[in-house]
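>>> Provided below for reference: sequence and predicted model.
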Amino acid sequence: MIKEVLMSKLGLTMETGTIVSWLKSEGDMVQKGEPLFEVETDKATQVINSFHTGYLKKILVPEGEEVPV
């Protein structure tokens with residue numbers, strides 16, 4: 001089953017985040033709790049861990065792109 005990765009709100013005032021880097025590549029096996037990507041907010045840069053175990057099928061948001069939360 002395919003699970004979509006959504007960016008969670010990391011602070012009360014956070015409206016967007018920028019993908020700094022993907023720590024996994026398409027096709028990589030990812031374990032639940034393993035670092036998946038880095039996001040930059042208006043206050044800090046934070047590593048986001050995977051909520052699921054499985055394979056990273058496709059990266060839809062490239063590094064450097066800002067996305068809403």
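Right, received. Where do you want to start?
>>> quick one: contacts for the closest residue to residue 24 other than its chain neighbours?
Leaving aside its chain neighbours, residue 24 sits nearest to residue 56 (5.0 Å; criterion: C-beta to C-beta, 6 or more residues apart in numbering). Quick note: C-beta positions are derived from backbone N, CA and C, even for glycine. Applying C-beta atoms under 8 Å, 6 or more residues apart in numbering to residue 56 gives the contacts 24, 25, 26, 27, 28, 30, 36.
>>> with residue 59 instead?
By C-beta under 8 Å, 6+ apart, the contact set of residue 59 is 22, 25, 26.
>>> out of those, list just those in strands.
Judged by DSSP state E, strands contain the following of the contacts of residue 59: residue 22.
>>> which of the contacts of residue 59 has the largest number of neighbours?
For these, the largest number of neighbours (other C-beta atoms under 10 Å) sits with residue 22, at 16 neighbours.
>>> could you measure from that residue over to residue 57?
Distance of residue 22 to residue 57, computed by C-beta to C-beta, to the nearest Å: 13 Å.
>>> one step back: what is the nearest of the contacts of residue 59 to residue 13?
Residue 13 lies nearest to residue 22 out of those, by C-beta to C-beta, at 25.3 Å.
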